[in-house]
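K.L.:
sequence first, predicted model second:
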Number of protein chains: 2
Amino acid sequence: MAVISELEASVRHIGEELARLSGGQSPTLFERRWWSQAAINLAMHNPDFKTQLFRFIDMLPSITNDQRVVTLAQEYFGSMADQAFGLGWGLKALAATGVGARLSGHAIRAQVEQMARTFIAGSSVADATPVLKHLWTEGKAWSVDLLGEATISDHEADRYRDRCVDALHMLAKAAESWDHMPLLEQDHLGQVPRVQLSLKISALSPHLDPIDPDRSFESVARRLRPIVDAAMRVPASLIFDMEQAETKDLLITIFTRLFMEPAYRTFPHAGLAVQAYHRATTRDVEALLAWVRQRGTPITVRLVKGAYWDSDTIRYRQRGWPVPLFEQKAETDANYEALARRLLEASPEIRPAFGTHNLRTLAYIEAVAGQLGLSPSTWEYQMIFGMAAPFQEAVLRYGRRLRLYTPVGELLPGMAYLVRRLLENMSNESFLRKEYVESQSLATLLAPPAAAPVAVSAAPPGFRNEPLRDFSLVEARTAMQQAIGAAKEQLGQQWRSMAGGLNLTGPLISSYNPTCPEEIVGIVQAAAPADVEAAVRRADEAWPAWRVTPSERRVEMLRTAAALMRSRRETLAAWEVLECGKAWREADADVAEAIDFLEFYGAEWLRLSAPKRLGQEPGELNHRLVEPRGITAVIAPWNFPLAIPTGMVSAALVTGNPVLFKPSERSPVIGQLLAEILVEAGVPDSVLLCLPGGPEIGRALAQHSAVVTIAFTGSKKVGLGLLKETATVAPGQRLVKRVIAEMGGKNAIIIDETADLDEAVAGVIASSTGYSGQKCSACSRANVHASVYDLFLKRLQEAIASLRVGNPEEPGTQVGPVIDERAQATILEYIKIGSQEARLLVEGPVTQPGWYVGPTVFADVAPKARIAQEEIFGPVLAVLKADSFEEALSIANATEYALTGGVYSRSPANLDMARQRFDVGNLYLNRPITGALVNRQPFGGHRLSGVGAKAGGEDYLMQFVVTRVVSEQTLRRGFAPTE
Amino acid sequence: MAVISELEASVRHIGEELARLSGGQSPTLFERRWWSQAAINLAMHNPDFKTQLFRFIDMLPSITNDQRVVTLAQEYFGSMADQAFGLGWGLKALAATGVGARLSGHAIRAQVEQMARTFIAGSSVADATPVLKHLWTEGKAWSVDLLGEATISDHEADRYRDRCVDALHMLAKAAESWDHMPLLEQDHLGQVPRVQLSLKISALSPHLDPIDPDRSFESVARRLRPIVDAAMRVPASLIFDMEQAETKDLLITIFTRLFMEPAYRTFPHAGLAVQAYHRATTRDVEALLAWVRQRGTPITVRLVKGAYWDSDTIRYRQRGWPVPLFEQKAETDANYEALARRLLEASPEIRPAFGTHNLRTLAYIEAVAGQLGLSPSTWEYQMIFGMAAPFQEAVLRYGRRLRLYTPVGELLPGMAYLVRRLLENMSNESFLRKEYVESQSLATLLAPPAAAPVAVSAAPPGFRNEPLRDFSLVEARTAMQQAIGAAKEQLGQQWRSMAGGLNLTGPLISSYNPTCPEEIVGIVQAAAPADVEAAVRRADEAWPAWRVTPSERRVEMLRTAAALMRSRRETLAAWEVLECGKAWREADADVAEAIDFLEFYGAEWLRLSAPKRLGQEPGELNHRLVEPRGITAVIAPWNFPLAIPTGMVSAALVTGNPVLFKPSERSPVIGQLLAEILVEAGVPDSVLLCLPGGPEIGRALAQHSAVVTIAFTGSKKVGLGLLKETATVAPGQRLVKRVIAEMGGKNAIIIDETADLDEAVAGVIASSTGYSGQKCSACSRANVHASVYDLFLKRLQEAIASLRVGNPEEPGTQVGPVIDERAQATILEYIKIGSQEARLLVEGPVTQPGWYVGPTVFADVAPKARIAQEEIFGPVLAVLKADSFEEALSIANATEYALTGGVYSRSPANLDMARQRFDVGNLYLNRPITGALVNRQPFGGHRLSGVGAKAGGEDYLMQFVVTRVVSEQTLRRGFAPTE
């Protein structure tokens, strides 16, 4: 056995003492009173059951009908209930009869509510006050956390502000008369208020977004100040909770900025949480300590492990961002101990508070404090109301100040909180689980945290999506800001023609900034229809060399182009902001998707172009080969001005076809930039001819007999016209033309009665107002279940009204202008039609200058109304009421389109029904319906939404090739090599 | 060490003695005089080099130009020459200059010729006579084998007959004056003639085909009798060589039948070879011995190991037939020993001759003969001229009768023989190799053959093609004969309608037998265009249930249908013979292909219909799902009346679509049988409606707005019409229609100067005359290199003239009638056009009754001639001359079609060029261009030959579905299951 240090000996000694003091108590979760032990066991040992259980609990409060609770329970546990002998939820027995079902639904709800009440002190401050008083009399301080829905509107933010101010007053009033508790009311720096409120800063603004720290601060601070004012009067302490990783820096900024304001600089009871699991917290703590010294007034620092590990890790990985958290629990524990020591050392300037349920951690803090010779009044422990009762008891008996983090709020929003608590308790790494379920030895539990060496698993080979920019990083914001500035200095220039040296004879096209229509973004030379013949000839001459260029070389060109785009990422995005009025994130995503297309189609072509052996019989060798079809016309749209043309052009090029590329006349500069990048990457300019122009050029290209493939993205009308016009084979035409047409959509999101409305409202808004709805994937219909219809409409209305419509050059802008005057006129016309057909719920502002149409919502829309059937291509949403999921689905399917669709539901049966019957090319469950990613969500529709394989999917490139099968008889003279 | 038997002791003793007697000699192949040791080593140890070496040798004699020899050597050995340090062929050094190249080409040829002369006694009998005399004086008897090309015409068969008769006379005359050699001229049964001729029976007829033993016998016997007559006069012995496995029974039948004819029954010098590697030889030998007793005159039985193991094994495996040969060399060796003992035991009635180069075998025979107390004159040894000289010497010294199998013939056809010899010597299992290359110990070499236990490797999972019938088996022939008889008894019946209960209102269609047009094959009720609406409604009503029928269940139906087809295999084929005039093998192949489609599309659908996860990021689940498009019209042709409609219909059905199936009005009965089988297999009759009728029905189906997929196989004109007519989207139409159109071809086979003409001529004939050229894949052009043009034409002309045109009910018929009067008229019109455009080389007979047009060939056809550009769909071949491979390729590519194509070439560079640039959907190298197999040769063309993915390939089913991507956000409340 290794020699242990004095400190560790002390930790062990104290730990054993604390363990002794906790004896005889069992933590709440592990008591048997909620439900049968079988359910606990199952959840502990069966991850599938655990998932279902948590999801069921999460959804339960939104279901008001007992019968529905029973059917949902059956949906969730149907098959598992069979496995779970002795499950004891009584579903099987009780659900057999109608009466049984009612009873059972009631019983289930009652059980879960009881569970929730273990962790939540009351449904309101008034309701919770007796509980808080009882805690106080037991010698426990508290910090109230007001539970609430996610804030998605200014109205909701205001309401949270008001609740906080009210709570401060009510709590102070109640606590006034309580007994004096010296341990709880005095620390090393002075008096400690009886009232403490933990604040969820994100609830104070619908606009808390790290992309725009200034406006985020303003939006939050406006509502924070009344709360701080109240706290200073009362007095009370205020602690900022920490939230998701993206907002960490922003929350710290808001904290330090607000509490340096002259009015609040001397407030001694402000505090904030810091998360030990975050790799940057050590640095943050040092910065905070420096700031405290500068400020001159102490703050409270609450050290927690961090409660968002799972979701942060998943979300960052999903986005391809480096995870900023420690990946191993032991690393976090070690960091916690280091930070705890640092905070104790800094205690002359701060009030350290330690949130932990870990015996080892408690003992460690005691041992270090002992080493440092600190008075026990210097720090406090914080534990969670309803959790780890034995440790609460031990700390009390040990004579330390204990504060319970105590949620107050209604059951419904409280469920999210409950699930988080259950999750934490049941996690494989949970100290509580280790002690009470796994019965690990005390020595093991008290051993210092030791991270196991992690085998660095290389990412699996293959394509990875280009991560979006993380605009919570200041460097990302600065780069974008600078790129916009640089692009603005180049406005108005005429770009050189990229038509392989041909003299184009069309007019000059000026491209205007939709935000400031007097600004000419750039000027390009357009092609005339008469130029098509020469362009075809040029491409035809260049084809033979291009088709025999090795596949690897062509793929290399795509990869080089991707690298060029990466190196010009902000520049390209900036031009999109200026030419198309895209908000930062939309512009950035478009560039990332363009890079994805280049990389994905490159990788795909390496896979597809390798001769594929068919069969394995001896004496013969059969290989499938793929070869370019021939001259391809790419007719591109302006709404994803880089990504979509990049996809179509690069697919045609990498497969060996020459390309005649017509960028949209509404985004010719981005088209130009694409052509320049590809040529710079090595594509011969005779193989990629950029022919700017309007529909007449597209038609001339498509109809030329030597053009054998047409890749088009645009309107249904133009697409169907192309299909019809190209179906006749002209004399001498080599191939029957193939048209790949990505057309329109009239996309619906269904919201059923089990939906998480926080997410549903946000998802509908993101899907319908992102880039002003100018996406073929955009949501233009919301089909909402009658039982949540009014609530949905109310939250939607408030949230839409809170959106930031403005200049997309500003980082915080959520909705910019539409593309041009013509688009604006069309959309306004539809708004007029809608006003006759339905109830105008939100009227978007139509402002000048810039082609603005603000997000507009119609309610009570009939399924056959024009605004429910026709593609508007603007920020106009039709909300329809449906009495059942089936009806909502029927309505959703009853248009001529089948592009995207979405469902917000927590009913497994409804999600399954959607999987089976929601007839769209891309169906999204419980998430927004735009933003398909290459490879993960190959994109495209059917019915009249499109013809052809999905873009960014494995079948896409096959559309640009013919396949040949070469079969060789290898048996000669009775002899064949073994293959 | 195990106790060995007395016999084995004797074997070892004699073996050691023989080894001693062979001492000091080295077998020819292993001497160093041909080429450098490096080449031998390389071939022995590098299988790739061995392949190239043999192929090069095989091809060499056909190249008359020295310069070309050098370029070909570079094509063959280019890269390997670099590896082969010390290769010593001098390519690198000598090819550097023009003079060097000439020298080198000459040197290479000289080397290979010298090699060949080691194994071939002379280029003619006259040339060989001194060699034979020398052998005789050395005490060695001989058996002359007249080498020749493959016989593909009656003319060539006659020539071989004449060569045999002449050889007998010349050899007898020469041998007359030789010294008397008692050992060689007397055996236990009497006098042994000095002259022995080994006969290659397949050279005596172009019609040797086990499918038709009677006509095969007649064709062979007609030419055999003069040879036997001569042998009886001379006298000489005649030995039938054994050939490929399929012909074994036929050759034995010919032998026994001929030598029971009164004129030949007493001929005592007939003999035949039997192959120890064949599992059936033991049984064959018993039957032969019984026959000999019946005949009353002895025969010679030459026991050999067997020389076709590689090719037989490969060919049988390729066809999916059970290999009838022993798979292990040791099994063959053991069987050889057992057979040797049996022959020795039977020696009172036969003359045993043992062909072997195996020391153990020699010793074994001696030991057994000793055991049996036989006089050494009872048997003889046979070895191959030029091989195993040490053993020849040992046997002579041991005082035994030795006969050398001695090929005589020209270098060119001799190369095939040379390669076989080299192959045999270099085989890993060759005794010679073991002794002289691997230097195995004498004890090992003399050990009894012991087959290693073979791990029975299960066939790899997955689809396997349905094997064609092996018509060399009498049961297969009988079954087919009976099925035709049974079908003929059902001629003329009216079949019940398979239109899902609809009353079709079109006319009755009578289907006629093209062979006997007065015979009504069957009568079906046709649909009228007005019936289409009701059919669509029926299908539309049935669709919802069909689309949700589990994929596994639909696949099961296809598999059941396949099983039904297997059980009715001959019946279905018989109906094809009667309704479409297909020859047996063509009809059988069509049924097998139909089974393949059912099994393949079933397996494919299981693969494709399983939801496919996309991406692997946490927090999201993306799945690709595939779903039926909707009502599908299948418009089928008559030329593959079961396979093609089965493919189209089953693809549409298994993917979940309802099908409106219009069989061709020229093969309605087969269409009927298909519909019946599918319904019997479980497909609801409302989901598969059979609507017989003409083009007006096809058009009405395709144009109906509810029909969203059209699968068509037929003419270019109709196909392009369908494409055009379906391109307009009607109001209310659900999907843009998809047309899968398999159209025509104008397919060329290129024959270059390196081609193996035996195979090229046969391949062109099979491809152009099979089913009278009524295949879209049929060859209708032969582009022949100028240097072999005349020779090719000559052999082609003779071979075409020898084809058996006749009634397809007869098994030996190679070419039957065309489908009907209209087809006959069209073809005759083209023959008239051709006669004006080019030189009529072969005029096919146009006979009555039956719509016969015999195979017709035009020579000197210009590339732009109508008969070189337009699809004729009959047995009309245009032969074009080209001065280079490039030119031949350009000509081949210069039509509006791109379906199939072929190349006969042994130039790696030309084959590569074809792989790169022969612009056809299915390219075949060194094999016929028809008969594409499902999965191994997915079939279909581009340009104006077709639109859509290849039938029988992995992309085909995707045409009948839409794909949907379902993306679920799995992160809820910060919690996501691990997926």
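P.N.:
On my side now, so go ahead. Numbers count the residues shown, from 1 in each chain, chains lettered A, B, ... in the order given.
K.L.:
excluding its backbone neighbours, what's nearest whichever residue of the stretch 101-250 of chain A sits closest to chain B?
P.N.:
The stretch 101-250 of chain A approaches chain B most closely through residue A:244 (9.0 Å), counting by C-beta to the nearest C-beta. Heads up, the C-betas are built off the backbone N, CA and C, glycines and all. Ranked by C-beta to C-beta, 6 or more residues apart in numbering or on different chains and with sequence neighbours excluded, the top spatial neighbour of residue A:244 is residue A:308, at 5.4 Å.
K.L.:
tell me how many other residues crowd the one you found.
P.N.:
By other C-beta atoms under 10 Å in any protein chain shown, 19 other residues sit near residue A:308.
K.L.:
and the pLDDT at it?
P.N.:
Residue A:308 is assigned 90 on the pLDDT scale.
K.L.:
OK, contacts around it?
P.N.:
Shown in contact with residue A:308 (C-beta atoms under 8 Å, 6 or more residues apart in numbering or on different chains): A:243, A:244, A:245, B:974.
K.L.:
neighbour-wise, which one of the residues you listed leads?
P.N.:
residue A:245 leads the contacts of residue A:308 on contacts (other C-beta under 10 Å) with 26 neighbours.
K.L.:
grab the nearest non-local neighbour of that one.
P.N.:
Ranked by C-beta to C-beta, 6+ apart and with sequence neighbours excluded, the top spatial neighbour of residue A:245 is residue A:312, at 4.5 Å.
K.L.:
where does pLDDT dip in the stretch 1-150 of chain A?
P.N.:
Low-confidence segments of the stretch 1-150 of chain A (pLDDT under 70): A:1-3, A:24-41, A:79-104.
K.L.:
list the contacts of the residue in it positioned nearest to chain B.
P.N.:
Chain B sits closest to residue A:51 of the stretch 1-150 of chain A, with a gap of 4.1 Å, by C-beta to the nearest C-beta. Contact analysis of residue A:51 by C-beta under 8 Å, 6+ apart lists B:975, B:977.
K.L.:
average model confidence for stretch A:858-878?
P.N.:
Rounded mean pLDDT across stretch A:858-878 is 98.
K.L.:
A strand includes the residue of the stretch 1-150 of chain A closest to chain B, no?
P.N.:
No: checked against DSSP: H, G, I helix; E, B strand; the rest coil, residue A:51 lies outside a strand; its state is helix.
K.L.:
distance of it relative to residue A:71?
P.N.:
Distance, residue A:51 to residue A:71, by C-beta to C-beta, to the nearest Å: 19 Å.
K.L.:
thinking again about what came up before, can I get the contacts of residue A:308 in JSON lines with secondary structure and pLDDT?
P.N.:
Shown next, in JSON lines, are the contacts of residue A:308 (DSSP: H, G, I helix; E, B strand; the rest coil; pLDDT from 0 to 100):
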{"residue": "A:243", "secondary structure": "coil", "pLDDT": "94"}
{"residue": "A:244", "secondary structure": "coil", "pLDDT": "94"}
{"residue": "A:245", "secondary structure": "helix", "pLDDT": "96"}
{"residue": "B:974", "secondary structure": "coil", "pLDDT": "71"}
